[in-house]
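Trainee: using only what follows, build the 3D model:
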Amino acid sequence: MDRLRPLPADRRPASEHAAAAAVTGSWAPTTGTLPVPGFWAEPNDTAVMSGDGAILLAGGEDGRRNPLALSARFDPASSSWTPTARQLNTARRLHSITRLADGKVLVAGGITGPMSVPARGMNSAEVFDPANGGTWTTVASMNEPRFAHSATLLANGSVLVAGGCSARSGDSNRALRSAEIYDPAGNTWTITKPMNDIRFGHPAIRLANNKILVVGGVITIGRGQYAALGYCEIYDPGAGPDTGTWSTTASLASPRKGHQATLLRDGSVLVTGGDLFSSSYTSTIQPYSQETCERFRLNGDGVGSWRADTAMPWGLSQHRAVLLPASGKVLVIGGTDSGVFDTGYTDTILYTPGADGAAGTWAVSASMAVGRWAMAVAVLPGDKVLVAGGIVRSGAAAPTLGEDLLTTTAEVYTP
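Mentor: Numbering: from 1, shown residues only. Modelled structure (predicted):
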């Protein structure tokens, strides 16, 4: 049976107050707020540090799933937000955002226009140059329209885009297994070999050996119906797009979507939480979200394996999990309950990896001022973490029918 989330500190017995007081870390609001409320449901990078040290936030969606042309930057030194000199050329949501080797930022794909069924991906891409206040330039388009895909910077400076979702027919969507590579120097997209499995909404991690691990995700199983995926695979870039290859690797013990995957300092990958999956035979929906965690490691022969790691104190979905580079710990932030997706959590928890690859431990950290899920997150110098926007209330918990309650607030975590 799933464990319930602990009571907030002000509702715990007096005997527990001393332990609650030992919570580490703190959150402070930024100076000013986002220009508009927004959220970012993609599982990979939602905000990135551009070449000048500022955090770039681009695109996203409003409470009615309309795409945003938002382009704003956060200055860690002044803790303030400013709009860039130009907004995105094309409003988009469920796109990818990737910092390039030269400090510029690539945005690719996504969905534009009003919400529709089926959702139709686009193939356009733009590059942000932080010079002179920041400008966006339209670059070459991808070979295939897609949204909710992964985009990962390779060691040679090119970007691997894999999977995603797009229209299948006039009333349905399909998950993709295709992949392509963007060369910033030549401004070209080149098709590389497809993945073994269709998937979208999946994390993609560049491993220490410069290969790319994709973890779980979502598959389409019918009109408006989706299922979590447990399969994982690894991309070997080889000498270029023509020689890159995909190979299957060990599968997750539990199929996952709405989860996070975080590269640890020892080269292993920690996967946390995700939606609880329902039985395709009974359509029974389980409450809460997954609390279980798994850890991936390659052995000396390059063979991957997953093993169970210590479960989180409670289940989470649509949360964020980031490595704190100096300490090697992982900060897990916010999230929601996949049973109803109604309320954003204020909680944050810290994972400390065990010695010599042993299972880690979890500790409750300071709570945010505003509960949120599907928010933008970026790591700042000194193991600080920026959190911006996100969904506060959704569905029946939202004050306006058919519109999620979002926030323009942003907070910075200090360990």
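Trainee: how many neighbours does residue 28 have?
Mentor: Around residue 28 there are 12 other residues, counting by other Cβ atoms under 10 Å. Glycine gets a C-beta too; all of them are placed from N, C-alpha and C.
Trainee: right, and residue 268 touches residue 299 too?
Mentor: No - counting by Cβ atoms under 8 Å, residue 268 does not reach residue 299; the two are 11.2 Å apart.
Trainee: the more surrounded of these two?
Mentor: Between residue 268 and residue 299, residue 268 has the larger neighbour count (other Cβ under 10 Å), namely 18 against 8.
Trainee: so which residues of this structure form helices?
Mentor: Along the chain, the segments classed as helices by DSSP state H run 17-21.
Trainee: which stretches of this structure aren't confidently modelled?
Mentor: 1-21, 277-287 (pLDDT under 70).
Trainee: would you mark the buried spots in stretch 218-238?
Mentor: Neighbour-count burial for stretch 218-238 flags 218-220, 226, 228-235, 237 (criterion: 16 or more other Cβ atoms under 10 Å).
Trainee: tell me which of those residues is nearest to residue 375?
Mentor: Compare each of the buried residues of stretch 218-238 with residue 375 using Cβ to Cβ and the shortest gap goes to residue 218, at 19.7 Å.
Trainee: what sits against the closest one?
Mentor: By Cβ atoms under 8 Å, 6 or more residues apart in numbering, residue 218 lies in contact with 148, 165, 175, 199-202, 226-229, 257.
Trainee: how about 6 Å then?
Mentor: Residues near residue 218 by Cβ atoms under 6 Å, 6 or more residues apart in numbering: 200-201, 226, 257.
Trainee: one more: residue 183?
Mentor: Shown in contact with residue 183 (Cβ under 6 Å, 6+ apart): residue 158.
Trainee: who does it bridge with?
Mentor: Taking DSSP bridges as the rule, residue 183 bridges to residue 188.
Trainee: residue ranges of the strands in the stretch 301-415 of the chain, please?
Mentor: For the stretch 301-415 of the chain, the strands defined by DSSP state E, counting those that start in this stretch cover 304-309, 320-323, 330-333, 348-352, 361-365, 376-379, 385-388, 391-393, 405-406, 410-414.
Trainee: quick one: closest of those to residue 152.
Mentor: Taking the strands of the stretch 301-415 of the chain one by one with Cβ to Cβ, strand 320-323 is closest: 15.7 Å.
Trainee: show me which of the contacts of residue 218 is closest to residue 83.
Mentor: Lowest distance from residue 83 to these (Cβ to Cβ) belongs to residue 201, with 29.0 Å.
Trainee: spatially central residue in the chain, please.
Mentor: Of all residues in the chain, the one closest to the mean position by Cα atoms, centre = their mean is residue 43, 2.5 Å from it.
Trainee: setting aside sequence neighbours, what's the nearest residue to that residue?
Mentor: Once flanking residues are discounted, residue 43 sits nearest to residue 203: 4.9 Å by Cβ to Cβ, 6 or more residues apart in numbering.
Trainee: okay, now that neighbour: neighbour count?
Mentor: Under the neighbour criterion other Cβ under 10 Å, residue 203 is assigned a count of 23.
Trainee: ok, it - contacts?
Mentor: Residue 203 touches 43-44, 215, 261, counting by Cβ under 6 Å, 6+ apart.
Trainee: got CSV for the strands of the stretch 301-415 of the chain, with mean neighbour count too?
Mentor: Supplementary listing: the strands of the stretch 301-415 of the chain in CSV, determined by neighbours: other Cβ atoms under 10 Å:
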stretch, mean neighbour count
strand 304-309, 16
strand 320-323, 22
strand 330-333, 25
strand 348-352, 21
strand 361-365, 17
strand 376-379, 23
strand 385-388, 25
strand 391-393, 24
strand 405-406, 21
strand 410-414, 20
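Trainee: residue 101: which of those is closest?
Mentor: Using Cβ to Cβ as the measure, strand 376-379 is the one of those that comes nearest residue 101, at 18.0 Å.
Trainee: tell me the strands beside the closest one, with direction?
Mentor: If you go by DSSP bridges, strand 376-379 pairs up with strand 385-388 (antiparallel).
Trainee: separation between the residue nearest to residue 120 when sequence neighbours are not counted and residue 226?
Mentor: The shortest distance from residue 120 to any non-neighbouring residue, by Cβ to Cβ, 6+ apart, is to residue 167 (4.7 Å). Separation of residue 167 from residue 226 (Cβ to Cβ, to the nearest Å): 15 Å.
Trainee: and for residue 403?
Mentor: Distance, residue 403 to residue 226, by Cβ to Cβ: 23 Å.
Trainee: check residue 87 too.
Mentor: According to Cβ to Cβ, residue 87 stands 31 Å off from residue 226.
Trainee: burial count for the residue nearest to residue 382 when sequence neighbours are not counted?
Mentor: Of all residues not flanking residue 382 in the chain, residue 326 sits nearest, at 7.2 Å (Cβ to Cβ, 6+ apart). Neighbour count of residue 326, defined by other Cβ under 10 Å: 11.
Trainee: test my guess that residue 126 contacts residue 135.
Mentor: No - between residue 126 and residue 135 there is no contact under Cβ atoms under 6 Å: 9.9 Å.
Trainee: okay, how far is it across stretch 102-109, tip to tip?
Mentor: In stretch 102-109, first residue to last residue: 21 Å (Cα to Cα, to the nearest Å).
Trainee: got the buried residues for it?
Mentor: In stretch 102-109, counting by 16+ other Cβ under 10 Å, buried: 104-109.
Trainee: what does stretch 63-80 give?
Mentor: Within stretch 63-80, the residues scored as buried using 16+ other Cβ under 10 Å are 63, 65, 67-74, 76, 79.
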